[in-house]
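Enquirer: Here's a sequence, model it:
(2 chains)
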Number of protein chains: 2
Amino acid sequence: MYLKMHLLKPEIEELLKNKDTEEIKELLETFEPVEVTELLRSMSLSQKLSIFSILDLDFSARVFEEFEADEQMEIIEGINKIRKAELLDELHPDDRVDFFQDIPQDLKEQLLSIMEKKEARETRELMVYPEETAGGLMTTEFIKVRRNLTGKQVIDIIRKQAEDVETISDIYVVDENDILVGVVTLKDLILANMRRKVKNIMLPRPVSVPITLDQEKVAQEVAKYDINTVPVVDDRGRLKGIITVDDIIDVIKEETAEDMLKFGAAGEHSMHYLKLNPFYLARSRVIWLSVLAFVGIISGFIISKNSFILSQVIVLAAFIPLLNGSAGNAGTQAVAVMIQALALGEVRFKDFWKSVRKEFLTGIILGIVLGLLGLLRALFFQKSSLLGITVGLTLIINTALATSLGAVLPLIVKRMNFDPAVISGPLITSIMDVTSLLIYFTLAKLIIL
Amino acid sequence: MYLKMHLLKPEIEELLKNKDTEEIKELLETFEPVEVTELLRSMSLSQKLSIFSILDLDFSARVFEEFEADEQMEIIEGINKIRKAELLDELHPDDRVDFFQDIPQDLKEQLLSIMEKKEARETRELMVYPEETAGGLMTTEFIKVRRNLTGKQVIDIIRKQAEDVETISDIYVVDENDILVGVVTLKDLILANMRRKVKNIMLPRPVSVPITLDQEKVAQEVAKYDINTVPVVDDRGRLKGIITVDDIIDVIKEETAEDMLKFGAAGEHSMHYLKLNPFYLARSRVIWLSVLAFVGIISGFIISKNSFILSQVIVLAAFIPLLNGSAGNAGTQAVAVMIQALALGEVRFKDFWKSVRKEFLTGIILGIVLGLLGLLRALFFQKSSLLGITVGLTLIINTALATSLGAVLPLIVKRMNFDPAVISGPLITSIMDVTSLLIYFTLAKLIIL
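Expert: Model prediction:
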């Protein structure tokens, strides 16, 4: 699809030159909005703006929604005032709020002042909710009915309102206090006798999420229940909005991207990678690097403290990369497995001892394999069985310690309600550097000296 | 919800004892299937089986679908033959195939032989497609109509077929050769004049995926287009099935879990963590650990080779953890960022030089910060400016090299059509151990000796 759109570019440019607006509109509007967004990305700003003035308002709003915040700014600044207000009014409330969240305060006020009163008020209301909560994700355009209506009456309401809402696949039922009492899927509605009342068709006690719930938890709920929309309620159970599954997919991708960056100790950034400059990138990584460097300096002190034995048996130094590396790697593996098991809900804090025992045993097995490898290396190249035993034992102890710690740390962090992915590979690697050197030199003194 | 179900357990057990089947059925069927699955997980096998014999066939199939493969086996083996056949027939085709993919060949044949002919044939057909492709994900139960039907006629078809299909939110339109020509959303259908023909309501050229497409790419398409179902076509464009968004969410979670495990060099496992024994866990990790241990041994050789300078200036050893650690960490950060940028589609191979330049400059900035830290450490504790300069320079060169390599490797691997996440944190860490030791000792010889 992407390719096809790209091939269209010369044709569109030609049509723009000839001001053949009808042709452009007809051509572009047969595509999906996101495809048109991609095409526009490859064009100049003035071309973008011309096309925005040509497209139907509804379609241009969908195209606009697919752009990133900074691209949206460019367009909003470029188009004329009337069109600007119309475009903003036409956006889906949740996408509109996303745009407003990212712009300067004075521009925000200025834009709100030219919008329709209803849309402006709605936007102000939605902006109250933090971006990464259910309130920040929800849209207020959905179909809501009373339970005493008949199927026929509901269908009429849907016909009237469908143009203004994002989805009609689920219809929510509320009581006289606006409290959510049920949900009817469009499928159930169509299958039911049209004279039956909604309260007899609806599923009572539908899954819902509180308006303050973190977006990651919202995504977990939606994934668990295989639903296409989830209703959002306030602390009194009143229906405030709904979240659609396409926004949930974005959340899941965002959250897992964040997890990977955290696990790589690479900081966070919510913007497009190619738009970030090296100073920004460096800033997001330097703190972790410096913290880890300090841990590296501690490892250095341990080596300094042991410089006597090291100068006596200089070959001890040759095993440091193998020992440190193996412990760090085994720890990283265990952390990665544990973070994933936690993310997939396979492991909870109550499985603490089960997980630790499992990882400890895994570490023992891995340690024996690595220990044999280290022993052979020492016997073969250094012809020293004492050194071999030291290295082998260190590897067994280290690896079991690393995998156990790799299980423990994410569980504890999760228990403290932090994201387990903050226990990054580099962090466990640096911690294991310190402990493996301590164990190594202690054993060396006992066995070799 | 989870909590509420748990509280229900004593009540259900009491009802089971009293054989109050009607009550159990009524109580459980007001919950979501996945909640009943969770409740059953906490019960004994015989309790599970009793409940399975009580629930409506349709509802019990939905509950069954939520279990893991090994739990499903237990249930299938426990229930009687007639009920077994009915249950299998009632499963959604895609879930049924998932179950069949995981069981021994002889059991597969035995179960297929007791099923209805239509369902058995369908299952055989679907099993042909690899699990992780569009064909492996799709269901064959969906609504398909000809383009000359009227809206009214389509609604009648939906009413007739809705019970047997997973979703009716999108209705697919085919020509006389079964070639996909359009899609009508239920929303558009309801809004349209009932006498209009489908071909005039439908969106022509809908997004579709080839039956052989990898599930990760399928998920990308669905996420890009914000659609709830995607049609699957064969190489001639004939409509073979559809994939629903709930399966896509599972794919996204699965794929990102895999990525995290790969990035942690922790191997792969598709089963529930708590069900894996330490030998299995060790097996899935030992290969990477051994490969990395060999790289660690290479680093050891570099140290051995430089044992002369090391014995002269024993304090050089004290900086090895800082230097190796920093290079590895900077590399890991860059790899994590790049894997994510690739996963989110922000970076493509054509951005190779742009990315490398960006990471190189980032590495220089980070290297200067770390280099100053190393220099100060050497000046302060060792009072040696030559050592300080050696350490500082090594850190700058190493860090820039690490971030550049961290950008290059995932891009190249991706270009070769492998998963960029195979460039794990531990791998780049081990590679950087080797290079940073080489640079360190080379500079040390030049500057200090």
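Enquirer: ok, so what distance separates A:G371 from B:V230?
Expert: Between A:G371 and B:V230 the computed distance is 51 Å (C-beta to C-beta, to the nearest Å). For the C-beta atoms, the positions are set from N, CA and C on the backbone; glycine is no exception.
Enquirer: now do A:A421
Expert: Here A:A421 is placed at a distance of 30 Å from B:V230 (C-beta to C-beta).
Enquirer: what's the answer for A:V181, then?
Expert: Using C-beta to C-beta, A:V181 is found at 33 Å from B:V230.
Enquirer: In a strand, A:T212, correct?
Expert: No - assigned with DSSP: H, G, I helix; E, B strand; the rest coil, A:T212 falls outside any strand and is coil.
Enquirer: Can you say which helix or strand has the most centrally placed residue in chain A in it?
Expert: Nearest residue to the geometric centre of chain A (C-alpha atoms, centre = their mean): A:E255, 1.6 Å. Using DSSP states H and E, A:E255 maps to helix A:245-263.
Enquirer: Can you identify the element that follows that helix toward the C-terminus?
Expert: helix A:278-305.
Enquirer: Only the buried residues of the very next helix or strand once past that following helix, if you could.
Expert: Per DSSP H and E, helix A:278-305 leads on to helix A:307-312 as the next helix or strand towards the C-terminus. With burial defined by 16 or more other C-beta atoms under 10 Å in any protein chain shown, the residues of helix A:307-312 counted as buried are A:L310.
Enquirer: contact partners of helix A:307-312?
Expert: Contact with helix A:307-312 is made by A:303, A:316-317, A:441, A:444-445, A:448-449, B:311, B:314-315, B:317-318, as judged by C-beta atoms under 8 Å, 6 or more residues apart in numbering or on different chains.
Enquirer: Which of the residues you listed fall within helices?
Expert: Of the contacts of helix A:307-312, the ones assigned to helices by DSSP state H are A:303, A:441, A:444-445, B:311.
Enquirer: longest helix in chain A, by residue count?
Expert: helix A:385-415.
Enquirer: buried set for that one?
Expert: For helix A:385-415, burial by neighbour count (16+ other C-beta under 10 Å) applies to A:387-411, A:413-414.
Enquirer: sorry, back to before: which one of A:V181 and B:V230 has more residues nearby?
Expert: Neighbours per residue, other C-beta atoms under 10 Å in any protein chain shown: of A:V181 and B:V230, the larger number sits with B:V230, 26 against 19.
Enquirer: who's in contact with that one?
Expert: Shown in contact with B:V230 (C-beta under 8 Å, 6+ apart): B:207-209, B:218, B:221-222, B:242-243, B:248.
Enquirer: Confirm it sits in a helix?
Expert: No - assigned with three-state DSSP, B:V230 falls outside any helix and is strand.
Enquirer: A:L189 and A:Q153: what is the separation?
Expert: Noted for A:L189: a distance of 11 Å to A:Q153, by C-beta to C-beta.
Enquirer: between the two, who's got more neighbours?
Expert: A:L189 (22 against 16).
Enquirer: Give the buried residues for the host helix or strand of the more buried one.
Expert: Per DSSP H and E: A:L189 is located in helix A:186-191. Buried residues in helix A:186-191, counting neighbours by 16+ other C-beta under 10 Å, are found at A:186-191.
Enquirer: Ok, stretch A:34-47 next?
Expert: So for stretch A:34-47, counting by 16+ other C-beta under 10 Å, buried means A:34-40, A:43, A:47.
Enquirer: Having no further points to raise, I will conclude here.
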